[in-house]
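S.K.: Below are the sequence and a predicted model; questions follow.
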Amino acid sequence: MKEAPARAMKKVFSRPASLKNAVYHYCAGCGHSITHRLIAEVIDELGIRGITIGVPPAGCAVLAYNYFDVDMLEAPHGRGCAVATGVKRMLPDRVVFSYQGDGDLAAIGTAETFHAANRGENITVIFINNAVYGMTGGQMAPTTLLGQASTTSPPGRNAILDGHPVRMSEILAYLEGSKYIERCAVNSPTNIVRAKRAIKKAFQYQIDGVGFSMIEVLSPCPTNWKMTPIDACKWVDEVMSATFPPGVIKDVKGKG
Amino acid sequence: MNKILIQGNQVIGEAAIRAGCRFYSGYPITPQNELTEYMAEHLRKVKGGTFIQAESEIAAINMVLGASAAGARAMTSSSSPGISLKQEGISSMAADELPGVVVNMMRGGPGLGNILPSQGDYFQATRGGGHGDYRTIVLAPASVQELADLTMKAFDLADRYRNPVLILADGMIGQMMEPVVFKEPKPRHYSDSFIMKGAGNGKSRSIRGLILDALKMEEHNWKLFRKYKAMEQREKRWEAFKTDDADLIIIAYGTAARIAKGAIKRLRETGLKVGLIRPITLWPFPDYAIRGFAAKTDRFLVFEMSMGQMIEDVRLALGGRGQVEFYGRPGGVVPTPAEFANVVAHHYKNDEPEEED
């Protein structure tokens, strides 16, 4: 069998142009790195690298500007949607996305997120839900499941003492200002493909001027869940998805 | 130029729009609502002007942060309790080297306090206010005309140093009406390279305050420090009023300085030689100016509508020279010039100050 000449080989997989050539600091099995890549692929495919401004959070993804090769403006903890609002209102022809974790978006930044959605700001929010405060070492998040142990709910989250997990996607979907909200996961090839499709649709909606969109990403955190990466992926399907069912939660343009 | 009669809070809005402010976000709080309402009515009529009534003080300052990064002259305003909430954003803007103007129409405190004029936020304003090692220029107008001039100036200073600038006044100046002439604002000098608008075909960049490496963080702090030093060297402003022959010099700012002027006019009529130094920048504090007056008189009376905050800067400025006395009215009490004249006369006639009764 003859070998094909090197120049005839087709490159089928490479680092997206919108990702820097950097080594992630994320733990093995973490969903952040996958989600970063999906966003970068979408930015490449839509050809918007030069007009995109990202707003990273405080949390594990605080160093996102080390990875994304697009302009990045840091927001104080929880304020991503307010910062993104200021940018987008001044530069309406740019594509502005915030990238936020569950503590950032659903606890300290609930008000900013809720009201940006309610104003119908034409921005895209990528919401990483890993049911725990990752960077600070595994404390209870607003999205921590009932019964789930964390460093601040050692016997497991107790609804009476600690409250219930917050479903931000469903809450924001009630608001007239939100236009597209979908919950995805990055725990399997099928789900990753689905998540990318959702992220692309959200960015496309923003480009088309549709309005506020949010993609919630159920994201494994093996380190703080104290599981192997494989078990963490299974846990997303078998346990987490019962409280946070994936799917299109709202789409004003109708199609899922 | 036409002289118009206009209220203090509204004059800030008008001066800001004339100075090129194109983003304003605010949250309702007395006694500064007329400014927010003015922006709601007028800023949206200006090309490229955005007004947002924010859901919170915190959101308002963070929207300003975003708009500023995107290249806009941006402003927010509030009153004391609201300014406390904004400190996170002010600290972040200082860290990120983003310009912006923050107006504080002070009211009585601490806590919710009341809605009356007060000067209790001097410490907060002049010591950075939020967490971390940073400073902001603080401008203290004493008339509606000066409010107009200093608002325009605030935007220039914010751009020049890429730092938030505070306008510190109180409900009295915000609520009163006076004739004003709006001066022609200076053209904006702000490099395009500071503005985040997408990487285009070039290299991407980030604006951030998080610097995990201690040595790099220290380097950033020293860089900011050099900037604050430059502000200290160039931006100190004050007014001297009837100080040439004064035996006793009052030091007061803002509304307190107005009251002092009224008192001085009365006192001069009775032959008491009293003058006033009015700091216009509270940070950087005009320390060398005050120190200079120590060669002329050794008696200073600090008057504040607080329990005594600026007096610490006066003492630092004088470095042990002269005798520093104090009269303060915290909690929203505004003494009349006549009342204050009695207080000054009492001090003037007692070479040895008495124990307070």
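M.R.: Structure's in. What do you need?
S.K.: Can you check the pLDDT for B:Asp357?
M.R.: Looking at B:Asp357, its pLDDT reads 47.
S.K.: Chain A contacts on the stretch 51-200 of chain B?
M.R.: Residues of the stretch 51-200 of chain B lying close to chain A (C-beta under 8 Å from any C-beta of the partner chain) are B:52, B:54-56, B:58-60, B:62-72, B:74, B:88-89, B:92, B:96, B:196-200. Placement of C-beta: from N, CA and C, glycine included.
S.K.: Out of these, list just those in helices.
M.R.: Those of those mapping onto helices are B:58-60, B:62-69, B:88-89, B:92, B:96, per DSSP state H.
S.K.: which of the residues you listed lies closest to A:Val23?
M.R.: Relative to A:Val23, the closest of those is B:Asp96; by C-beta to C-beta it sits at 26.0 Å.
S.K.: Can you report how many residues neighbour the closest one?
M.R.: 19 (other C-beta atoms under 10 Å in any protein chain shown).
S.K.: residue ranges with poor pLDDT in the chain?
M.R.: I went with chain A, as the question did not name one. A:1-7, A:255-256 (pLDDT under 70).
S.K.: Chain B, not that one
M.R.: For chain B (pLDDT under 70), the answer is B:1, B:351-357.
S.K.: Quickly list the domain ranges of it.
M.R.: B:3-188+B:209-234, B:239-349 (automatic domain parsing).
S.K.: residues near the residue of the stretch 251-357 of chain B found nearest chain A, how many?
M.R.: The nearest approach of the stretch 251-357 of chain B to chain A comes at B:Trp283, 22.7 Å away (C-beta to the nearest C-beta). B:Trp283 has 24 neighbours, counted by other C-beta under 10 Å.
S.K.: wait, it sits on B:Arg135?
M.R.: Yes. Using C-beta atoms under 8 Å, B:Trp283 is in contact with B:Arg135, at 6.0 Å.
S.K.: before we move on, the earlier item: quick check on the residues of the stretch 51-200 of chain B next to chain A: which are buried?
M.R.: Those of these that meet the buried threshold are B:52, B:54-56, B:58-60, B:62-72, B:74, B:88-89, B:92, B:96, B:196-199, by 16 or more other C-beta atoms under 10 Å in any protein chain shown.
S.K.: which residues of the stretch 1-150 of chain A fall in strands?
M.R.: In order along the chain, the stretch 1-150 of chain A carries the following strands (DSSP state E, counting those that start in this stretch): A:52-55, A:71-73, A:95-101, A:124-129, A:132-133, A:139-140.
S.K.: Make a markdown table out of these and add distance to B:Arg278 and mean neighbour count.
M.R.: Below are these laid out as a markdown table (distance: least, C-beta to C-beta, whole Å; neighbours: other C-beta atoms under 10 Å in any protein chain shown):
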| stretch | distance to B:Arg278 | mean neighbour count |
| --- | --- | --- |
| strand A:52-55 | 42 | 28 |
| strand A:71-73 | 39 | 27 |
| strand A:95-101 | 44 | 29 |
| strand A:124-129 | 49 | 29 |
| strand A:132-133 | 50 | 26 |
| strand A:139-140 | 51 | 20 |
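S.K.: Those: which one's closest to chain B?
M.R.: Taking those one by one with C-beta to the nearest C-beta, strand A:71-73 is closest: 4.2 Å.
S.K.: tell me which strands and helices the closest one is in contact with?
M.R.: On a contact count with 3 or more C-beta pairs under 8 Å, 6 or more residues apart in numbering or on different chains; DSSP states H and E, strand A:71-73 meets strand A:52-55, strand B:206-207.
S.K.: Kindly recompute the last result at 7 Å.
M.R.: strand A:52-55 (3 or more C-beta pairs under 7 Å, 6 or more residues apart in numbering or on different chains; DSSP states H and E).
S.K.: contacts for the strand it packs on?
M.R.: Applying C-beta atoms under 7 Å, 6 or more residues apart in numbering or on different chains, the external contacts of strand A:52-55 come out as A:43, A:64, A:68, A:70-73, A:75, A:80, A:83-84, A:87, A:94-99, B:196, B:198.
S.K.: In its sheet, which strands sit next to that strand, and in what direction?
M.R.: strand A:71-73 (parallel), strand A:95-101 (parallel) (DSSP bridges).
S.K.: How many residues are close by A:Gly211?
M.R.: Residues near A:Gly211, counting by other C-beta under 10 Å: 19.
S.K.: shouldn't it be in contact with A:Gly120?
M.R.: Yes. Under the criterion of C-beta atoms under 7 Å, A:Gly211 makes contact with A:Gly120 at 4.5 Å.
S.K.: Could you tell me which residues touch both of these two?
M.R.: Counting by C-beta under 7 Å, 6+ apart, the residues touching both A:Gly211 and A:Gly120 are A:Gly177.
S.K.: what's the single longest helix in the chain?
M.R.: No chain was given, so I picked chain A. Max-length helix for chain A by DSSP H is helix A:189-207.
S.K.: nope, chain B please
M.R.: helix B:214-234.
S.K.: Would that helix count as contacting chain A?
M.R.: No. Counting by C-beta under 7 Å from any C-beta of the partner chain, chain A is not contacted by helix B:214-234; separation bottoms out at 13.2 Å.
S.K.: Using PDB, write down the CA coordinates of that helix.
M.R.: Taking Å, rounded to 0.1, in the frame of the first residue of the first chain, the C-alpha atoms of helix B:214-234 are listed here in PDB:
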ATOM      1  CA  ALA B 214       2.600  38.600  44.100                       C
ATOM      2  CA  LEU B 215       5.600  40.300  42.400                       C
ATOM      3  CA  LYS B 216       3.500  41.200  39.400                       C
ATOM      4  CA  MET B 217       0.700  42.500  41.600                       C
ATOM      5  CA  GLU B 218       3.300  44.600  43.500                       C
ATOM      6  CA  GLU B 219       4.500  46.000  40.200                       C
ATOM      7  CA  HIS B 220       1.000  46.900  39.300                       C
ATOM      8  CA  ASN B 221       0.500  48.600  42.700                       C
ATOM      9  CA  TRP B 222       3.700  50.600  42.300                       C
ATOM     10  CA  LYS B 223       2.600  51.600  38.800                       C
ATOM     11  CA  LEU B 224      -0.700  52.900  40.300                       C
ATOM     12  CA  PHE B 225       1.200  54.600  43.100                       C
ATOM     13  CA  ARG B 226       3.300  56.500  40.600                       C
ATOM     14  CA  LYS B 227       0.100  57.700  39.000                       C
ATOM     15  CA  TYR B 228      -1.300  58.800  42.400                       C
ATOM     16  CA  LYS B 229       2.000  60.700  43.000                       C
ATOM     17  CA  ALA B 230       1.500  62.500  39.700                       C
ATOM     18  CA  MET B 231      -2.000  63.400  40.800                       C
ATOM     19  CA  GLU B 232      -0.600  64.700  44.100                       C
ATOM     20  CA  GLN B 233       1.900  66.800  42.300                       C
ATOM     21  CA  ARG B 234      -0.400  68.300  39.700                       C
END
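S.K.: Please work out which of the domains of chain B is packed deepest.
M.R.: Highest mean neighbour count of these: domain B:3-188+B:209-234, a mean of 21 (counted as mean count of other C-beta atoms under 10 Å in any protein chain shown).
S.K.: how many neighbours does A:Leu38 have?
M.R.: 24.
S.K.: Within the sheet, what are the partner strands of the helix or strand containing B:Leu282, with directions?
M.R.: Per DSSP states H and E, B:Leu282 falls inside strand B:281-283. Partners of strand B:281-283 in the sheet, by DSSP bridges, are strand B:137-139 (antiparallel).
S.K.: After the partner strand, which helix or strand is next?
M.R.: helix B:144-161.
S.K.: got the contact list for that following helix?
M.R.: B:6, B:8, B:11-12, B:15-16, B:18-21, B:73, B:99-101, B:137, B:139, B:141, B:164-165, B:167, B:169, B:173, B:176, B:178, B:180, B:182-183, B:185-186, B:188-190, B:227, B:231, B:235.
S.K.: residue boundaries of the helices in the chain?
M.R.: Assuming you mean chain A. Taking DSSP H as the criterion, chain A carries its helices at A:31-46, A:80-90, A:102-103, A:110-119, A:159-162, A:168-173, A:189-207, A:222-225, A:229-235, A:241-243.
S.K.: The chain in question should be chain B.
M.R.: According to DSSP H, the helices that chain B contains are B:8-18, B:33-42, B:57-69, B:80-96, B:122-126, B:144-161, B:171-175, B:214-234, B:254-269, B:287-293, B:310-318, B:337-349.
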